[in-house]
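Q: Dropping a prediction and its sequence here:
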Amino acid sequence: MNAAASAFDITVVGGGLAGASLACALADTGLSVALVEAVPFAAEPSVAMQARTTAIAWGTRVLFEQLGLWDGMAEYAAAIEHLHVSQRKHFGVVRVDAAEYKLPALGYVLPHTTMVAALRARLAQLDHVTVIAPARFVGLSHAADRVWLELATDEGERRIATRLLIGADGSNSSVREALGIHARVDDYEQSAVVTTLRTEYPHNATAYERFTPDGPVAVLPRTAASCAAVWTLPTAQAEWACAAPQAEFMDRLQSVFGYRLGRLQLAGPRGTFPLQRVLAETAAGERTVLIGNAGHALHPAAAQGFNLAIRDALVLAALLREHVQSPGFDPGDADLLASWAEARRPDQHRVANFTDAIVRVFSNRIPGLAGARATGMVALALLPAVKHDMARRSMGLAVAPEFKSAPGSRNGQA
Ligand SMILES: Cc1cc2nc3c(=O)[nH]c(=O)nc-3n(C[C@H](O)[C@H](O)[C@H](O)COP(=O)(O)OP(=O)(O)OC[C@H]3O[C@@H](n4cnc5c(N)ncnc54)[C@H](O)[C@@H]3O)c2cc1C
């Protein structure tokens, strides 16, 4: 697609995991798509981003396969075959095994940068997408049949028109702000410290999540010989943990996580990410929708943020594909966008509420709650039906939309 073109059927602002997934999913709709990203695609990822991993649910792997993306990721994906959830200093463990669900894995852990690279490599093969990067979305104005976008680029201001605008520009979304869509922000006053560990004992494809009053610590398979750690702490402590001498950091992490995997050793850089829940009050506006963190940014405790985002993206792509041949089709049609928002609302609310409940019930210091937490976990272990339902939902099996795979050919980058 010609990079100098100034009118598109769809413009996705934000080329992170959510926006890039949607742009790939739109491949066989016949619609022209612009992907606007503020950061040059060739820029070196920050140290924090290099340390970050994403746990994807089994259902997300299935969606990646349908998009022709899994082959580019599989080599770097560490399978999670078992899940082990515990609470520091309390009795009660919940175990979930992939075999119970007759699946080879509950999910997979992937380096964030690997996922972004695989998505962008795929975008480069797709004719329908014009990548406009680096370019920052700075404003918009509505006309009757389109939205005009103002972009700040290295060459100066650029205007493009689009019939549908997708805000996929993260939790501080400028698109959301430009539309005047209010977002509820709950600051957990916690940050996640992410890094890579070597373990004395093999992880045996087990993902460990351990709840502490300060926040959960997850130790996840990363490669055959290493694990990823995602350790949530009050923000001041997270800053300390990120900068502390290696031995002090590891002593503290070891005391919180315990010795299930034997002695832990630091095997990579550390990075921190502040954690907030950001919920837009509506996901669809005039000729616009918000997906991913722009619509709902979640705490990583349940590892659901991206898994939810890709379902938003692929349901939208499926809806557009279904209607694209209809006479007078308009991708920005208000009824169409409202039906997408309505279809997605139950999944979004359920996942956002479930994630928030996990953070608040298991990770706060309210006196008297620790006993209730342990009781809750024992109850979970004893109630297979509840555990089963939660596990199915976490694996993305309870919401399993079918999408056509996206054939592609070649494309350039602006
Ligand atoms: C520590 C941590 C661990 C996590 N672990 C998991 C996990 O295990 N599993 C899971 O499912 N989820 C996880 N998540 C959540 C997951 O990472 C996000 O939901 C996912 O990355 C989707 O992000 P996004 O694409 O919506 O937004 P972002 O990743 O924020 O991407 C937004 C993009 O928009 C661009 N942009 C911003 N403003 C503009 C502008 N004005 N113009 C143009 N471009 C712009 C940015 O440069 C960026 O590339 C985790 C989150 C954190 C913080």
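A: On my side now, so go ahead.
Q: contacts and neighbour counts: CA atoms only from here.
A: Fine.
Q: Identify each buried residue in stretch 267-277, please.
A: Judged by neighbour count (16 or more other CA atoms under 10 Å), stretch 267-277 contains these buried residues: 268, 269, 270, 271, 272, 273, 274, 275, 276, 277.
Q: again but with stretch 277-289, I slipped
A: Buried, per 16+ other CA under 10 Å, within stretch 277-289: 277, 278, 279, 280, 282, 283, 284, 285, 286, 287, 288, 289.
Q: Need the distance between the two termini of that stretch.
A: Start and end residues of stretch 277-289 are separated by 19 Å (CA to CA, to the nearest Å).
Q: How about residues contacting it?
A: Outside stretch 277-289, the residues within contact range by CA atoms under 8 Å, 6 or more residues apart in numbering are 146-147, 163-167, 171, 176, 179, 181-188, 290-291, 293-299, 331-334, 337-338, 341.
Q: just checking, which of those belong to helices?
A: Under the assignment DSSP state H, the contacts of stretch 277-289 contribute 176, 179, 334, 337, 338, 341 to helices.
Q: Name the member of these with the most neighbours.
A: Within those, residue 176 tops the neighbour count with 27 neighbours, counted by other CA atoms under 10 Å.
Q: okay but that residue is in contact with residue 166, surely?
A: No. Contact criterion CA atoms under 8 Å: residue 176 and residue 166 do not qualify, at 9.8 Å.
Q: before we move on, back to that, okay, the buried residues of stretch 277-289 in CSV with distance to the ligand next?
A: Shown next, in CSV, are these (distance: CA to the nearest ligand atom, whole Å):
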residue, distance to the ligand
277, 10
278, 11
279, 12
280, 13
282, 15
283, 13
284, 15
285, 17
286, 18
287, 18
288, 15
289, 12
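Q: ok, which pair from those residues is furthest apart?
A: 277 and 287 (25.2 Å; CA to CA).
Q: Next, the distance between the ends of stretch 253-264.
A: OK, stretch 253-264 end separation, CA to CA: 9 Å.
Q: re the thing from before, any chance you could list residues touching both of residue 176 and residue 166?
A: residue 290.
Q: circling back to that earlier point, which one among the ones in helices among the contacts of stretch 277-289 gets closest to the ligand?
A: The shortest approach to the ligand among the ones in helices among the contacts of stretch 277-289 belongs to residue 176, at 10.0 Å (CA to the nearest ligand atom).
Q: Can you name the residues of the stretch 151-300 of the chain that neighbour the ligand?
A: 168, 169, 170, 174, 192, 273, 292, 293, 294, 300 (CA under 6 Å from any ligand atom).
Q: pLDDT score for the fifth one?
A: What that stands for is residue 192. Note for residue 192: predicted pLDDT of 96.
Q: Name the residues of the stretch 1-150 of the chain found near the ligand, please.
A: 13-19, 36-39, 54-56, 135-138.
Q: Can you flag the buried ones in those residues?
A: By 16+ other CA under 10 Å, these give 13-19, 36-39, 54-56, 135-137 as buried.
Q: From what I see, residue 250 and residue 264 are in contact.
A: Yes. With contacts counted by CA under 8 Å, residue 250 reaches residue 264, the gap being 7.2 Å.
Q: Name the helix or strand of this structure that has the lowest mean pLDDT.
A: Lowest on mean pLDDT, DSSP states H and E among the helices and strands of the chain sits helix 369-382, with a mean of 52.
Q: The residue most central in space within the chain: what secondary structure?
A: With distances taken as CA atoms, centre = their mean, residue 306 lies nearest the centre of the chain, 1.9 Å away. Following DSSP: H, G, I helix; E, B strand; the rest coil, we place residue 306 in the helix state.
Q: now do residue 262
A: Once three-state DSSP is applied, residue 262 turns out coil.
Q: my read: it touches residue 199, true?
A: Yes. Here residue 262 reaches residue 199: they are 6.3 Å apart, a contact under CA under 8 Å.
Q: Settle it for me: which of these two has more neighbours?
A: Taking neighbours as other CA under 10 Å, residue 262 and residue 199 compare with residue 199 leading, 19 against 14.
Q: Tell me the buried residues in stretch 193-213?
A: Going by 16+ other CA under 10 Å, stretch 193-213 has these buried residues: 193-199, 203, 205-213.
Q: Now residue 72: which helix or strand?
A: Here residue 72, judged by DSSP states H and E, is contained in helix 71-74.
Q: Now do that helix: distance to the chain's middle.
A: Counting by CA atoms, centre = their mean, to the nearest Å, helix 71-74 is centred 17 Å from the centre of its parent chain.
Q: Same question for stretch 325-332.
A: Per CA atoms, centre = their mean, the centroid offset for stretch 325-332 relative to its chain is 30 Å.
Q: Compute the first-to-last residue distance for it.
A: 15 Å.
Q: List the contacts of it.
A: In contact with stretch 325-332 (CA under 8 Å, 6+ apart) are residues 9, 10, 146, 163, 164, 165, 286, 287, 288, 320, 323, 324.
Q: was I right about the fourth one contacting residue 6?
A: No. Look at residue 163 against residue 6 with CA under 8 Å: they stay out of range, at 11.8 Å.
Q: Going by residue numbers, what spans are helices in the protein?
A: Under DSSP H, the chain gives helices at 17-25, 47-50, 58-66, 71-74, 112-123, 174-179, 235-243, 246-257, 305-323, 334-362, 369-382, 384-394.
Q: Could the C-alpha coordinates of the third one be exported in CSV?
A: Put plainly, it is helix 58-66. Only the C-alpha atoms of helix 58-66 are listed here, as CSV (Å, rounded to 0.1, in the frame of the first residue of the first chain):
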residue,chain,number,x,y,z
TRP,A,58,-4.2,-21.7,25.2
GLY,A,59,-7.1,-19.9,23.4
THR,A,60,-4.7,-17.1,22.3
ARG,A,61,-2.4,-19.6,20.8
VAL,A,62,-5.3,-20.9,18.8
LEU,A,63,-6.1,-17.3,17.6
PHE,A,64,-2.4,-16.7,16.6
GLU,A,65,-2.5,-20.0,14.6
GLN,A,66,-5.6,-18.7,12.8
